[in-house]
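J.: Next comes the sequence, and after it the predicted model I'd like to discuss.
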Amino acid sequence: MSEADVKKQIDEDVKDFSDVYITDVPHEHRLRLMNKLVASAFESKETDAWLGFMSTAEFLDDIAIDAPKAFDYMAVMLM
């Protein structure tokens, strides 16, 4: 699979996940969903958890261009 195909697939998977799982969960229960996702990351292998976090943190400046609250939200996640 080419790099472009992988990126496209990941983008589609994230959109599908957001559309199906996050928007379908009532707002008052989304915290439970997010807690479960974070817990599953904690239960994964250390290298997987570290790589996932670091790849996001590494590009936070770029992410903040499209999502101005990115730094605020990252701070909330680290608290």
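T.: Looks like it came in fine. Quantities reported herein were computed from a predicted structural model and do not represent experimental measurements.
J.: Report the residue spans of this structure with pLDDT below the cut-off.
T.: Counting by pLDDT under 70, the chain contains low-confidence ranges at 51-52.
J.: Do a quick rundown of the helices in it.
T.: Counting by DSSP state H, the segments of the chain that form helices are 3-17, 30-43, 46-58, 60-66, 70-78.
J.: would you list the ones you listed in TSV and tack on mean neighbour count?
T.: Placement of C-beta: from N, CA and C, glycine included. Shown next, in TSV, are the helices of the chain (neighbours: other CB atoms under 10 Å):
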stretch	mean neighbour count
helix 3-17	10
helix 30-43	11
helix 46-58	11
helix 60-66	11
helix 70-78	12
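J.: Turn the ones you listed into TSV, including distance to T23.
T.: Compiled in TSV, the helices of the chain are given as follows (distance: least, CB to CB, whole Å):
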stretch	distance to T23
helix 3-17	10
helix 30-43	9
helix 46-58	21
helix 60-66	19
helix 70-78	18
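J.: Identify whichever of those helices lies nearest to D24.
T.: Minimum separation from D24 across the helices of the chain (CB to CB) falls at helix 30-43, 9.7 Å.
J.: In CSV, list the C-alpha atoms belonging to that closest one.
T.: Output of helix 30-43 as CSV, limited to C-alpha atoms (Å, rounded to 0.1, in the frame of the first residue of the first chain):
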residue,chain,number,x,y,z
ARG,A,30,-19.0,11.2,25.4
LEU,A,31,-16.7,11.5,28.4
ARG,A,32,-17.2,7.8,29.1
LEU,A,33,-16.3,7.0,25.5
MET,A,34,-13.1,9.1,25.7
ASN,A,35,-12.2,7.6,29.0
LYS,A,36,-12.5,4.1,27.5
LEU,A,37,-10.3,5.1,24.5
VAL,A,38,-7.6,6.6,26.8
ALA,A,39,-7.8,3.5,29.0
SER,A,40,-7.3,1.2,26.0
ALA,A,41,-4.2,3.3,25.0
PHE,A,42,-2.8,2.9,28.5
GLU,A,43,-3.3,-0.9,28.2
